[in-house]
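In: After the sequence you'll find the predicted model.
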Amino acid sequence: MKTKALDQIKRYPGFFPMAVLCLFLLYTPLVIVMIYSFNDSPSITLWGGFSLRWYEDVFFGLEAAKLRKAAWNSVSIAAMAAICATTIATAAAVGMVRSGAWRGKTASFALLNLPIMVPEIVTAVATLIFFSMIGFKAGYATILIAHVVFCIPFAYLPIAARLEGIDSNYEQAALDLYATRWQAFKRVLLPLLAPGIISGFLLAFIISLDDFIITNFVKGAGVETLPTAIYGAIRQGIKPNIMAISTLMLLVSILFVTVSYFVGRNGEKKHEG
Amino acid sequence: MSGLVEKSSFGGLRKPLLLPAWLTIGFFLVIPVLTMLVYSFLTKEFRGGVLWEFSLAAYDQFFFDRGLFGDEPPKIEWTYINIFWRSIVQAAVATLICLVIGFPTAYFIATRSPQTRNIWLFLITVPYWVNLLIRTVSMKFLIRDTGPLNHWLMQAGIIDSPIHMINTNFAVQLGLFYSYLPFMVLPIYASVERYNFSLSEASADLYAGRWTTLRRIVLPSVKPGIIAGCILVFVPSLGAFLAPDLLGGAKTFMIGTLIEEQFKGAAGNWPFGAAASMLLLSLVMVVLLFYASSQSKQALHH
Amino acid sequence: MTEHHQENVAVAANSLFKNYGSVEALKDVSLSINDNEFFTLLGPSGCGKTTLLRIIAGFEAITAGTLFLHGKNIADLPANKRPVNTVFQNYSLFPHMSVADNVGFGLEMQGKDKNQIKQRTHEMLELVQLGEYADRKPGQLSGGQQQRVALARALAPQPEVLLLDEPLSALDLKLRKAMRLELKQIQENAGITFIFVTHDQEEALTMSDRIAVMSQGELQQLGTATQIYQEPRNRFVADFIGESNLIPTTVLSSDIHTMRCKLTDSISIAIPGKESVSEGDQGELCIRPERIRLSNADESANLEGVVDGIVYLGTDTQLLFKLDDQQTLSVRTQNADNDGPVVEVGQRVGLHIDESSCRFLPES
């Protein structure tokens, strides 16, 4: 009975429709693209029946080789950038959260989060200018370096948040029980931190995969990632095969968010002990 | 004294742990931004790049109009100032719309049972993980003159001829709103979730109506989340490129498209692009400093 | 400093200071703790007791002072090199390891061989009666069981001193009372020095061989439970341990055996004498409420008061009296002996104070 009375106070008429509207707005364009990716008609507006021809086109069509190459670049860059960023961020999180108070800590925090605070287009311009000044040839390597940099804060934030939630008594208990600092980190802190590290990695990976602006600036000629390839393709208008690629990438994203969701939930459960 | 005890089990290793991050960001972001600052004071070379000669031409071009041959007395050049102003307005409106839809959504989710809450959160998070380019392209596809939206509206007999939405400010607005809506919902949700609902009960107990409680008690309590959400929408909207580029046209130029054109497009004026980037960065830093000072003020109050 | 070491002293702290920035968490704390002693650090939160414990464990550095463990200077020894183990307040059992792995962790870190670890882990789990829970995760155990695992984990490496940081505070009252006896028993069987931190005076009084009462970073008094209760050294100790009537007073006369102290304007009482107190000294009288009785035919009244309030407390009743000079006096009567006069609010009653139990607390 009590919860009902409480709900009366908590509840506001109109908030539920707003929430539904919010979901509707977020999903309508995505769902429509998904539906039309199965459209048999080459005209992208008229419905010509269900077909998988555009998926076939993506995998085996004229541009298949190009797309495969772009997809490989995207995935390999994202994987490497996420691994580097997560490693750097994990060390940084331990160095920030478990180092007590010191002068310059706020500045260090600001520096770590600078890549999030600087607008993407500014980062893109600055990186392009920098690489051109030092005469570093634009290509795969420049994309990778730029991605590592802006992935660091995205990996850092979930890891640091998780670390804040882990009682420092755990490591101290390990130290108290004769573990060295490395043993305390490896045997106690790392396993407890794992869900945060995985979330950080997944976030960094998807952020790298998602990036268009910075990649577009630093990629140089000839090297494409999926977003730059798609962007190049839609300059000539939206074709149905783009919708098929979009749908595939959409599914990959959903897979990722599902994995990260379950990792996070498992971590919470384990941590309750 | 436990409140004073600092977590410093790895205090001695602070520098080696932080050095990789400092160096990476310092070398590949801080130095590039400083380089960009230098470039904004150099002379442009046609077809991109710079000549190493000091020049104020980039900033002069941004703010002043000296006629076609550069010999007339300087007048204020409104073209670029207008682009900045339009970007600020667009970003502000997008933030406002996100807030109007995002707050009730976040509040609604936070007041569900834990299981339902997780499903809602999951649904809100998914689009955030979907490629921004793909989301913008989807929006473009939907609202084109010959797109599904116009098609249905015409079939349903609501309109006779397609509504022209693409290449308008409205379309850009829609794109920005659509791109960053999840950024508004998530921080507000986090705030409302932490909000102690017995405060609402206390308010009701003291004869406040529901909406008065919302205005006087709930909103002030979750203000940090609202401000964070607004910053997270406003800042990326300000420098957005994809929404104005794909959904807008020449008349809906925003800062992002202006800058991009200097490097990738026809304009090819690096110092000017660098100067515009510096101005955008300064604008964003002002917003963030304002935010940081409001945060620390709040910390003082607690 | 080793030459000062006495055979039976486990921990010796001399003039310890600990500052956090401008906050002084410990001010000139000196104490020595004996082997096989159940030693308690007692005080309200923020008094510095936990800081002192963490300094002994090696989690906090000393600002100034010295710290010896069995005659060895350990001030600069890191936590993982000190033969001292801690039972943490919230146990801090590693949630991702089994109970047995938790208990064996310290031995493993010490590089003991597998069979030895297995055997010792088994022994320890038997000791705390959790033999069959070895393969469970800490999260699957109740609070009381987790508490025992934490104890077994800290005892397994056979530390020279065991530190316990409010280990019972997370348990409910019944379990807490049972664990008190058990802890005391384990301490006696293990023959290890226990340093126990608590804010709960009842816990301290029931378990400890000696108690150090702390407040605001300073050691207020060190002694056995009886000493601390019966001979409080100052106002803080008298007020913090148990209940007491603290009445402002002046010493009217004083010699080694007795001193006469003013109680009200017209009445004075003779209490046991104290060194370094002389006539005219100002201070407070500490009178325990259970040492005041309603006077009856056998006992003459020291003074009279008007009943101002009656609070029924189950085993006893608290009576509040207003004295002639408007002072309030709290009196406890046991409900077991119902012979005493039954009083009513407003009634004027004669009171008998057991003068030998009263103490004079000089102004600090």
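Out: Yep, that arrived.
In: Under the pLDDT cut-off, which ranges of chain A? List them.
Out: Flagging of chain A using pLDDT under 70 yields the residue ranges A:1-9, A:44-45, A:264, A:266-273.
In: quick one, helices of it?
Out: A:2-10, A:15-36, A:53-60, A:64-97, A:105-117, A:120-133, A:140-165, A:169-176, A:181-183, A:190-210, A:213-218, A:226-234, A:240-271 (DSSP state H).
In: The residue in the stretch 51-200 of chain A that chain C sits nearest to: how many residues sit nearby?
Out: At 3.4 Å from chain C, A:Leu177 is the closest residue in the stretch 51-200 of chain A, using C-beta to the nearest C-beta. (Each C-beta comes from the backbone N, C-alpha and C, glycine too.) Around A:Leu177 there are 29 other residues, counting by other C-beta atoms under 10 Å in any protein chain shown.
In: if we can go back for a sec, with mean neighbour count added, can I get the helices of chain A in CSV?
Out: As requested, the helices of chain A are exported to CSV (neighbours: other C-beta atoms under 10 Å in any protein chain shown):
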stretch, mean neighbour count
helix A:2-10, 12
helix A:15-36, 18
helix A:53-60, 17
helix A:64-97, 21
helix A:105-117, 17
helix A:120-133, 26
helix A:140-165, 23
helix A:169-176, 25
helix A:181-183, 15
helix A:190-210, 23
helix A:213-218, 25
helix A:226-234, 20
helix A:240-271, 18
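In: These into CSV, with extra columns for distance to B:Ser282?
Out: Converted to CSV, the helices of chain A look like this (distance: least, C-beta to C-beta, whole Å):
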stretch, distance to B:Ser282
helix A:2-10, 43
helix A:15-36, 33
helix A:53-60, 43
helix A:64-97, 27
helix A:105-117, 12
helix A:120-133, 10
helix A:140-165, 20
helix A:169-176, 42
helix A:181-183, 43
helix A:190-210, 25
helix A:213-218, 19
helix A:226-234, 28
helix A:240-271, 34
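In: Spatially nearest residue to C:Thr303, not counting backbone neighbours?
Out: Residue C:303: Leu, not Thr. C:Ile267 (5.0 Å; C-beta to C-beta, 6 or more residues apart in numbering or on different chains).
In: how close does the one you found get to chain B?
Out: 44 Å (C-beta to the nearest C-beta, to the nearest Å).
In: Looks like that residue contacts C:Asn302 (just checking).
Out: Yes - counting by C-beta atoms under 8 Å, C:Ile267 touches C:Asn302, with 6.8 Å between them.
In: Can you pick out the residue with more neighbours from these two?
Out: C:Asn302 (17 against 14).
In: now that one, nearest residue through space, not along the chain?
Out: Using C-beta to C-beta, 6+ apart, the closest residue to C:Asn302 is C:Ile353 (4.8 Å).
In: Return the backbone torsion pair for that neighbour.
Out: phi -100, psi 130 (degrees, to the nearest 10).
In: And for C:Val9?
Out: The phi/psi pair for C:Val9 (degrees, to the nearest 10) is phi -90, psi 120.
In: What residues does it make contact with?
Out: C:32-35, C:68, C:70-71 (C-beta atoms under 8 Å, 6 or more residues apart in numbering or on different chains).
In: if I look at it, how far off is chain B?
Out: Taking C-beta to the nearest C-beta, one finds C:Val9 at 26 Å from chain B.
In: Spell out which residues of chain C are next to chain A.
Out: C:57-59, C:78-82, C:84-86, C:88-90, C:92-96, C:105-106, C:109-110, C:137-140, C:153-154, C:157 (C-beta under 8 Å from any C-beta of the partner chain).
In: What subset of those residues is buried?
Out: Buried members of the residues of chain C next to chain A, counted by 16 or more other C-beta atoms under 10 Å in any protein chain shown: C:57-59, C:79-80, C:82, C:84-86, C:88-90, C:92-96, C:105-106, C:109-110, C:137-138, C:153-154, C:157.
In: Which of these fall within helices?
Out: Going by DSSP H, the helices hold C:57, C:105-106, C:109, C:153-154 from those.
In: and the stretch 51-200 of chain C, which of its residues are near chain B?
Out: C:51, C:54, C:59-60.
In: May I see those organised as a markdown table, with pLDDT added?
Out: Formatted as a markdown table, those follow (pLDDT from 0 to 100):
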| residue | pLDDT |
| --- | --- |
| C:Thr51 | 93 |
| C:Arg54 | 91 |
| C:Phe59 | 86 |
| C:Glu60 | 86 |
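In: Now do the SS call for C:Ile211.
Out: strand (DSSP: H, G, I helix; E, B strand; the rest coil).
In: quick one: it and C:Gly223 touch, right?
Out: Yes - between C:Ile211 and C:Gly223 a contact is recorded at 6.7 Å, counting by C-beta under 8 Å.
In: between the two, which one's more packed in?
Out: More crowded of C:Ile211 and C:Gly223, by other C-beta under 10 Å: C:Ile211, with 28 against 17.
In: And for the closest residue to the more buried one other than its chain neighbours, the neighbour number?
Out: Excluding the flanking residues, the one nearest C:Ile211 by C-beta to C-beta, 6+ apart is C:Thr40, at 4.7 Å. Residues within reach of C:Thr40, counting by other C-beta under 10 Å, total 27.
In: host element of C:Thr40?
Out: strand C:38-42 (DSSP states H and E).
In: what about that strand, average pLDDT?
Out: Strand C:38-42 comes out with an average pLDDT of 96.
In: residues touching the residue nearest to B:Ile188 when sequence neighbours are not counted, list them.
Out: In this structure, B:Ile188 finds its nearest non-sequential neighbour in B:Ala106, 3.7 Å apart by C-beta to C-beta, 6+ apart. Under the criterion of C-beta under 8 Å, 6+ apart, the contact list for B:Ala106 reads B:184-186, B:188-189, B:191-192, B:225, B:229.
In: Would you confirm that B:Ala106 belongs to a strand?
Out: No - assigned with three-state DSSP, B:Ala106 falls outside any strand and is helix.
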